[in-house]
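Enquirer: Okay, predicted coordinates and the sequence, questions at the end:
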Amino acid sequence: MKIKKTHIYKSILLFVGCFSFFVQTQAQNWDVNLLKSINPQHPNSSIMKGFTNSSYPIGVATPLSLLAAGYIKKDKQLQYKGWEAFGSLAIAAIVTEGLKITINRDRPYIKYPNKIFANSIENDGSFPSGHASVAFATATTLTLEFKKWYVAVPAYVWAAGVSYSRLYLGEHYPTDIIGSAVVGSGSAVLSHWLSKKIFK
Amino acid sequence: MSNSNLQIVPASKEDIPSIQHIAYETWPITYGSIQSKEQLDYMLELIYSASSLEKQMDNGSKFLLIKENDETVAFAAYFLKSPNVYKLDKLYALPNQQGKGLGKMLINYIIDEIKALGAIAFHLNVNRYNTKAQEFYKHLGFKIIEQVDVPIGEGFFMNDYVMEKKL
């Protein structure tokens, strides 16, 4: 089992590596064309803004509420879950920030100002999406921890909604979102594995 | 219609105060260490007085604004310099909006527009001591092609490089 897991992590790293290379070197027409079909000229939907704005609060509230519940109830299992969720969020945040700085990809509305229309100005790199990374880290952590379909399905529907809203609002390319799905769920898997090592 | 979109819109004469606002915010920061206070004040009056801006618009300079939440945060101006060659004449973003790619956004937008009009090159003048701006333009594919000292009256000169991006 252990060997298999290191293979998983290595392939995630390899995938992210190849992917960022691909993003930097290829002129991805399908990427911007797909985005164009999702992004309207006046992206003002409050539902879409709601999805985007829900990402960080829910991302932070998840570990905090698990930890609070764990320590109030003196429930060790719940405390572990809280720390695992916290780790997932922290890893996702650090990796996302690192990739944003090193890859420094221009936002789609900067590169295609005649084609892609954004809702607001962002001030960091496009790849990957911070909102989507946090959403996927949260959804994957909850799925790994509770292993229940009625947790997993709404969690991933929400993460997909956050991801879609980033495209709708013109802030990210589809490839940024794919990167976030890898970084977010990879962080959750890594934190899950680390927590097992630490707490068991 | 009130919307919170980030948009590039053509400027009209009603936008002159917003253009002046950005120029007066950015010029002392950009040129304060490069030019004398006298020259800076003289040039601001020369280029950014309401009557001068109106005249530039009437004479074919195209002004573009970036608006976010109905606030003007950056602007650019360009005109036809010679057949099929356009010149970027102005490009400024509010100090608190710098580093967010707005300059690049305006340049990409203008390049799209002038390419459609058959442009083969995009020119601009940049102050020879404004290395930060030169780096920025180089990064976008502009190259220095000439060194010029442009007299602007009252014994003042603009010591510029002419930069070019082939389209």
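Expert: Ah, there it is.

Enquirer: Count the residues that sit near residue 129.
Expert: Using chain A here. The tally of other residues near residue A:129 (other CB atoms under 10 Å in any protein chain shown) stands at 30. Glycine gets a C-beta too; all of them are placed from N, C-alpha and C.

Enquirer: if you could check chain B rather than the one you did, that'd help
Expert: Residue B:129, neighbours per other CB under 10 Å, totals 14.

Enquirer: The one 5 residues further on too?
Expert: Other residues near residue B:134 number 17, with proximity taken as other CB under 10 Å.

Enquirer: With the one 4 residues further on instead?
Expert: Other residues near residue B:138 come to 14 when the count uses other CB under 10 Å.

Enquirer: Point me to the helix or strand that includes it.
Expert: Assigned by DSSP states H and E, residue B:138 belongs to helix B:131-139.

Enquirer: Just the buried residues of that helix, please?
Expert: B:133, B:134, B:136, B:137 (16 or more other CB atoms under 10 Å in any protein chain shown).

Enquirer: In a helix, residue A:170, correct?
Expert: No: under DSSP: H, G, I helix; E, B strand; the rest coil, residue A:170 sits outside any helix and is assigned coil.

Enquirer: Quick one: residues contacting the closest residue to it other than its chain neighbours.
Expert: Distances taken as CB to CB, 6 or more residues apart in numbering or on different chains put residue A:118 closest to residue A:170, at 3.8 Å, once the chain neighbours are dropped. Counting by CB atoms under 8 Å, 6 or more residues apart in numbering or on different chains, residue A:118 touches A:43, A:107, A:108, A:109, A:169, A:170, A:171, B:5, B:6.

Enquirer: Torsion angles phi and psi at residue A:118?
Expert: Residue A:118 adopts backbone torsions of phi -100, psi 160, taken as degrees, to the nearest 10.

Enquirer: still on that earlier bit, which residues are contacting the helix holding residue B:138?
Expert: B:30, B:103, B:124, B:126, B:127, B:144, B:161, B:163, B:165.

Enquirer: My guess is the second one contacts residue B:73. True?
Expert: No: taking CB atoms under 8 Å as the contact criterion, residue B:103 and residue B:73 are not neighbours in contact, 11.2 Å apart.

Enquirer: any common contacting residues for the two?
Expert: Both residue B:103 and residue B:73 are contacted by residue B:93, under the criterion CB under 8 Å, 6+ apart.

Enquirer: got a pLDDT number for the residue positioned nearest the centre of chain A?
Expert: Closest residue to the average C-alpha location of chain A: residue A:133 at 1.3 Å, with CA atoms, centre = their mean. pLDDT for residue A:133: 98.

Enquirer: Doesn't residue B:165 lie inside a strand?
Expert: Yes: the assignment for residue B:165 is a strand, going by three-state DSSP.

Enquirer: what's the neighbour count on residue B:67?
Expert: 20.

Enquirer: what are the bridge partners for it, then?
Expert: residue B:7, residue B:72 (DSSP bridges).

Enquirer: Check the gap between it and chain A for me.
Expert: 11 Å (CB to the nearest CB, to the nearest Å).

Enquirer: now the strands for chain B?
Expert: Assigned by DSSP state E, the strands in chain B fall at B:6-10, B:62-68, B:71-82, B:85-93, B:121-127, B:143-153, B:156-166.

Enquirer: Show me what the helix or strand containing residue A:65 packs onto, helices and strands only.
Expert: For residue A:65, the host element (DSSP H and E) is helix A:46-72. Here helix A:46-72 touches helix A:76-103, helix A:130-146, helix A:149-168, going by 3 or more CB pairs under 8 Å, 6 or more residues apart in numbering or on different chains; DSSP states H and E.

Enquirer: and those helices, which is most packed in?
Expert: helix A:130-146 (a mean of 27; mean count of other CB atoms under 10 Å in any protein chain shown).

Enquirer: how many degrees apart are that helix and helix A:149-168 in direction?
Expert: Counting by axes from the mean of the first three to the mean of the last three CA atoms, to 10 degrees, helix A:130-146 lies at 170 degrees to helix A:149-168.

Enquirer: Any residues of chain B in contact with chain A? List them.
Expert: B:3-8, B:68-69, B:73, B:97, B:99-102, B:104-106, B:108-109, B:112-113 (CB under 8 Å from any CB of the partner chain).

Enquirer: Can you flag the buried ones in those residues?
Expert: B:5-8, B:68, B:73, B:97, B:100-102, B:104-106, B:108-109, B:113.

Enquirer: Return the item of those residues having minimum pLDDT.
Expert: residue B:5 (82).

Enquirer: Quick check: pLDDT value at residue A:160.
Expert: If you check residue A:160, the pLDDT there is 98.

Enquirer: Ignore what I typed, I meant residue B:32.
Expert: Residue B:32 carries a pLDDT value of 86.

Enquirer: Just list the residues touching it, thanks.
Expert: residue B:40.

Enquirer: Okay, it and chain A: tell me how far apart.
Expert: Residue B:32 is 24 Å from chain A, where distance means CB to the nearest CB.

Enquirer: give me phi/psi at that residue?
Expert: Per degrees, to the nearest 10, the backbone of residue B:32 is at phi -50, psi -40.

Enquirer: give me phi/psi at residue A:199?
Expert: phi -90, psi -10.

Enquirer: Please name the residues that touch it.
Expert: By CB under 8 Å, 6+ apart, residue A:199 lies in contact with A:80, A:83.

Enquirer: Residue B:46 too?
Expert: Residue B:46 neighbours (CB under 8 Å, 6+ apart): B:52, B:152, B:153.

Enquirer: Lowest pLDDT pick from the contacts of residue A:118?
Expert: pLDDT across the contacts of residue A:118 is lowest for residue B:5, at 82.

Enquirer: Find the nearest non-adjacent residue to that residue, please.
Expert: Per CB to CB, 6+ apart, closest to residue B:5 is residue A:42, 5.5 Å.
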